[in-house]
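>>> coordinates for the following, if possible.
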Amino acid sequence: MMTTILSISLLAIFTLLGFIHFYWLFGGKWGIEQALPTKEIGKKVIEPPKIATAIVGIGLISFGLFYLIKTGLINFQVPNWIITYGSWIIPSIFIIRAIGDFKYVGFFKKIKNTEFAKADSKWFAPLCLTIGIFGILIQLMNK
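Down below sits the predicted model:
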């Protein structure tokens with residue numbers, strides 16, 4: 001029961017995040033300024049191309065579907081190695097993201113006074129840590 005709740009929660013989170021990336025892909029501006037790390041002078045650290053935004057959106061929605069497949073809420077044939085390795089890789093990606101690069105993103109960033117840094121400290125890094133913990137809990141409870 002708990003793995004079902006966590007899996008549905010991850011589906012909802014990943015789907016929402018995926019659709020936000022598609023919104024940006026098609027020209028949406030809401031939240032984009034706070035979503036990309038910037039230097040203290042306000043210059044963006046990265047300018048992701050549209051294809052990267054599309055790949056991230058597809059990846060996020062795929063991660064949500066992954067957890068539905070893993071917990072058996074939908075029946076879709078996937079090789080066992082994808083489930084086995086994906087169950088550890090997905091939470092690892094988000095825990096590493098929460099830890100960050102020690103400069104612009106994550107709990108241990110040095111630059112903390114930009115719009116992105118404030119949003120990252122308040123929302124992005126804690127969300128990434130939560131996703132990582134949920135993924136690990138699903139993996140440990142689903143054995």
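>>> where do the strands of this protein begin and end?
Using DSSP state E, no strands are found in the chain.
>>> how about the helices in it?
Applying DSSP state H to the chain gives helices spanning 2-25, 32-35, 50-70, 80-99, 115-119, 125-141.
>>> worst mean pLDDT among the ones you listed?
Among the helices of the chain, helix 32-35 carries the lowest mean pLDDT, at a mean of 90.
>>> follow-up on the earlier one: Serialize the helices of the chain to TSV and add fields for mean neighbour count and distance to F107.
To be clear about C-beta, it is placed using only N, CA and C from the backbone, and glycine gets the same treatment. Converted to TSV, the helices of the chain look like this (neighbours: other CB atoms under 10 Å; distance: least, CB to CB, whole Å):
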stretch	mean neighbour count	distance to F107
helix 2-25	17	19
helix 32-35	15	17
helix 50-70	17	21
helix 80-99	16	6
helix 115-119	17	11
helix 125-141	18	5
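>>> show me the contacts for K43.
By CB atoms under 8 Å, 6 or more residues apart in numbering, the contact set of K43 is empty.
>>> mind checking pLDDT for it?
87.
>>> turn the helices of the chain into JSON lines, including distance to K44.
Output for the helices of the chain, formatted as JSON lines (distance: least, CB to CB, whole Å):
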{"stretch": "helix 2-25", "distance to K44": "13"}
{"stretch": "helix 32-35", "distance to K44": "9"}
{"stretch": "helix 50-70", "distance to K44": "13"}
{"stretch": "helix 80-99", "distance to K44": "18"}
{"stretch": "helix 115-119", "distance to K44": "9"}
{"stretch": "helix 125-141", "distance to K44": "18"}
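>>> can you tell me which of those is nearest to G42?
helix 115-119 (8.6 Å; CB to CB).
>>> I'd like the distance from that closest one to the chain centre, please.
17 Å (CA atoms, centre = their mean, to the nearest Å).
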